[in-house]
Every structure is written in C-alpha cells, then in structure tokens.
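Participant: I would like the atomic coordinates for the input below:
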Amino acid sequence: MPRTRLSAIFYLLLVFASGILVGVVSTHLYAVKASVPATAPRTMSELRSRYMTEMQKRIPGMTADQSAAISKILDDTKKKFDDIRREERPTRDRIQQEQIDSVRTVLTDAQRPAYEAWRAERLRSQQSQKQNRAKTTSAQ
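Facilitator: Residues are numbered from 1 along each chain as shown. Below is the predicted model:
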C-alpha cells in the first residue's frame, strides 16, 4: 500500500511536533531544577542558625529560655563530637602511616622518590584547600 504525499506530510509534522513537545517539557523540567537554590549550609554556625530558626518556626510558643537551653544542648553536643574526633585522630594517623609504610615496601628504590614527591604534593594541596576553607569560613 503506497503512502500518499498527504500521509507523509502528516507523519513528518507528527515527528516535529513530538520533538517540540519533548523539548519544551525537558526545558521546563531543567529550569525548575536549576532554579532551586543549593541550600546546604557551608559552616557549622550556619547549620546551627538554620536549625534554631527552623525549630522556632515549627514549634509554636518557644520561649527565649527554651531557645537558650537548646543552644546549650547544641554546644554540649558539639563538644562531645569534638572530643570524639580528638580521641580518634591518633588512631586514624597510625592507620594512615601503616598504609604509607606498606605502599613503600611494595615500591622499588627507584619508585620511592617519585612516591614521596607525589605525597608531598598531595599534602601541600590538602593544606591549601584547608586554608581556603578557613578563609571562606572566616569571611562569612
């Protein structure tokens, strides 16, 4: 059954219309997702501020005394987490040093200087990133 010229035009228009429809829908979906701001807090003080603001908004009738008590609870919790991090730091450092020593034993004498240079470069990069984060945090 040969297709007529009219049916060929109809199918061509159908293909173009479906392409336009898909383009419009995908553009709309992208625009909606792109317009949603990234609201992840960058610092602990920002996180704490948002937490307190959200709590005061969601829990009606919170008094200033309750807010102060909750603030103290948050301070105590932060101190406990800081203590845990401080206690586990030597263990993490020991494990990392074991890894470095193990890698050194696998490498040849000719490869070790390149490994040490690479490690020094990584340490400098990490320190630079840490300093940049500290600057960003203090600027906010």
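Participant: make it CA atoms for all contacts and neighbour counts henceforth
Facilitator: Fine.
Participant: the bottom helix or strand of this protein by mean pLDDT?
Facilitator: helix 5-35 (a mean of 81; mean pLDDT, DSSP states H and E).
Participant: show me the strands in this protein, by range?
Facilitator: For the chain, applying DSSP state E gives no strands.
Participant: tell me the domain ranges of it?
Facilitator: Taking automatic domain parsing as the domain assignment, the ranges for the chain are 1-36, 44-106, 111-140.
Participant: columns mean neighbour count on top of the ones you listed, output as a markdown table?
Facilitator: Output for those, formatted as a markdown table (neighbours: other C-alpha atoms under 10 Å):
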| stretch | mean neighbour count |
| --- | --- |
| domain 1-36 | 10 |
| domain 44-106 | 12 |
| domain 111-140 | 12 |
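Participant: can you list the low-confidence ranges for the protein?
Facilitator: Along the chain, segments meeting pLDDT under 70 span 1-3, 32-41, 136-140.
Participant: for it, what's the longest helix?
Facilitator: helix 64-106 (DSSP state H).
Participant: what's that helix packed up against?
Facilitator: Of the remaining helices and strands, none touches helix 64-106 by 3 or more C-alpha pairs under 8 Å, 6 or more residues apart in numbering; DSSP states H and E.
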